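1. Fold the following for me, if possible:
(one chain, ligands or ions: 1)
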Amino acid sequence: MGWSDAQLVAVAQRTGRKVVQTWSPWNRGEMGQVLGVLLHHTGTPRNGLVSPSLRIVREGRSDLQNALCNYYIDKSGVIYCVTSKRAWHAGYGNCHGYTDANVNFLGIEAESDGQEWTEATRTSYYLLVGSILRATGKDQSWAPRHAEYALPPGRKIDFSGMDITLFRRDVETVRLGGFNLKTPEQLEEEELMAAKDDIIDGVVKALVTDQYDGRSLVAREVWRQNRSDLADPKSEISKRLNELVRNAVADALKGVQS
Ligand SMILES: [Zn+2]
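-> Residues are numbered from 1 along each chain as shown. Predicted structure coming up:
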């Protein structure tokens, strides 16, 4: 059995990079056990866009009506979760005797014309490959470039255009745990902090609008959760609240004056 959507997302999130879920509308069947990952580049000609291939890798095209990868990385290093189902990225080849890699290998498409890479894309790429290999427990022989897998030899060239030895070294550091991936606990802590920010924003909105009557549920909730922190004017949460109030008041005054 392949990975669930949640597993696919979690493995990406451990990199600490920005992760976006943008699921393909196609479902061409479940994957088998995930053993490794195939490394591609999109080959899209250079242009000013950040994620020019996102639509095609998610929606496919008239002759390939399916997701064309499981993960996509854009030029700003954002990792997109495209499908946990079988994507069509591999074609015929061989890796450890597996000749239809779509079944047991995830596919990563990363944005590059095959000559130039942004540092952000490269960084997300080796972090993601390292994270996947840690999840599967396999070494890098299970993460071939498409060119190394595809048969007959020379059928594919991707990925190319960067120092592959250096890339492999960085993947290895991640795979062996030398470059820390985030633990589920760290991620939970970050989510909590983000939720706190949302609550504070809600309180500020309540404070600066006439909806605030001193019994606002949001305000009461933030007070309940952060009583000790809010009582301390030097705490991060107090500082942030003060800053938000100042900005909101300044904005409101601007509105009045203009
Ligand atoms: Zn490829």
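2. how much space between the residue of the stretch 51-200 of the chain found nearest the ion and Gly48?
-> Residue of the stretch 51-200 of the chain nearest the ion, by C-beta to the ion: His146 (3.4 Å). C-beta: built from backbone N, CA, C; applies to glycine. In this structure, His146 and Gly48 are 26 Å apart, going by C-beta to C-beta, to the nearest Å.
3. and those two? which has more neighbours close in?
-> Legend: neighbour count by other C-beta atoms under 10 Å for His146 and Gly48, higher for His146 (24 against 6).
4. could you pull out the strands for the protein?
-> For the chain, strands defined by DSSP state E occupy the ranges 19-21, 36-41, 71-73, 79-81, 92-95, 98-100, 105-110.
5. ok, Asp139 touching Leu133?
-> Yes. Between Asp139 and Leu133 there is a contact under C-beta atoms under 8 Å: 7.1 Å.
6. Those residues of the stretch 51-200 of the chain touching the ion, which are they?
-> For the stretch 51-200 of the chain, the contact set with the ion under C-beta under 5 Å from the ion comprises 146, 158.
7. Who does the closest residue to Ile73 other than its chain neighbours form a beta bridge with?
-> Residue nearest to Ile73 in three dimensions, not counting chain neighbours: Ala110, with 4.2 Å by C-beta to C-beta, 6 or more residues apart in numbering. Assessed by DSSP bridges, Ala110 has beta-bridge partners His41, Ile73.
8. what about Ala110, neighbour count?
-> The tally of other residues near Ala110 (other C-beta under 10 Å) stands at 28.
9. so it touches Phe159, yeah?
-> Yes. Checked against C-beta under 8 Å, the pair Ala110 and Phe159 is within contact range at 6.8 Å.
10. and for these two, which residues touch both?
-> 39-41 (C-beta atoms under 8 Å, 6 or more residues apart in numbering).
11. For the ion, state which of those residues is nearest.
-> Looking across those and measuring by C-beta to the ion, the closest to the ion is His40, at 3.4 Å.
12. Now for that closest one: which residues touch it?
-> Counting by C-beta under 8 Å, 6+ apart, His40 makes contact with 69, 89, 107-110, 145-146, 158-159.
13. circling back to that earlier point, of the strands of the chain, which is nearest Asp170?
-> Smallest distance to Asp170 across these (C-beta to C-beta): 12.8 Å, for strand 36-41.
14. Distance from the closest one to the middle of the chain?
-> What separates the centre of strand 36-41 from the centre of its chain is 16 Å, taken as C-alpha atoms, centre = their mean, to the nearest Å.
15. Strand 105-110 and that one, what's the angle between them?
-> 20 degrees (axes from the mean of the first three to the mean of the last three C-alpha atoms, to 10 degrees).
16. Next, see if strand 36-41 gets close to the ion.
-> Yes. Counting by C-beta under 5 Å from the ion, contacts between strand 36-41 and the ion involve His40.
17. hmm, back to that, out of the strands of the chain, which gets nearest to Gly2?
-> Distance to Gly2, taken as C-beta to C-beta, is lowest for strand 105-110 among these, at 8.9 Å.
18. Check which helices and strands the closest one sits against.
-> strand 36-41, strand 71-73, helix 119-136 (3 or more C-beta pairs under 8 Å, 6 or more residues apart in numbering; DSSP states H and E).
19. residues near Leu187, how many?
-> Here the number of neighbours of Leu187 (other C-beta under 10 Å) works out to 14.
20. Could you verify my assumption that it touches Gln13?
-> Yes. Counting by C-beta under 8 Å, Gln13 is a contact partner of Leu187 at 5.8 Å.
21. ok, the nearest residue to Ser53 once chain neighbours are set aside - contacts?
-> Nearest residue to Ser53 in three dimensions, chain neighbours excluded: Thr42, at 4.1 Å (C-beta to C-beta, 6+ apart). Neighbouring residues of Thr42 by C-beta under 8 Å, 6+ apart: 52-53, 57, 109-112.
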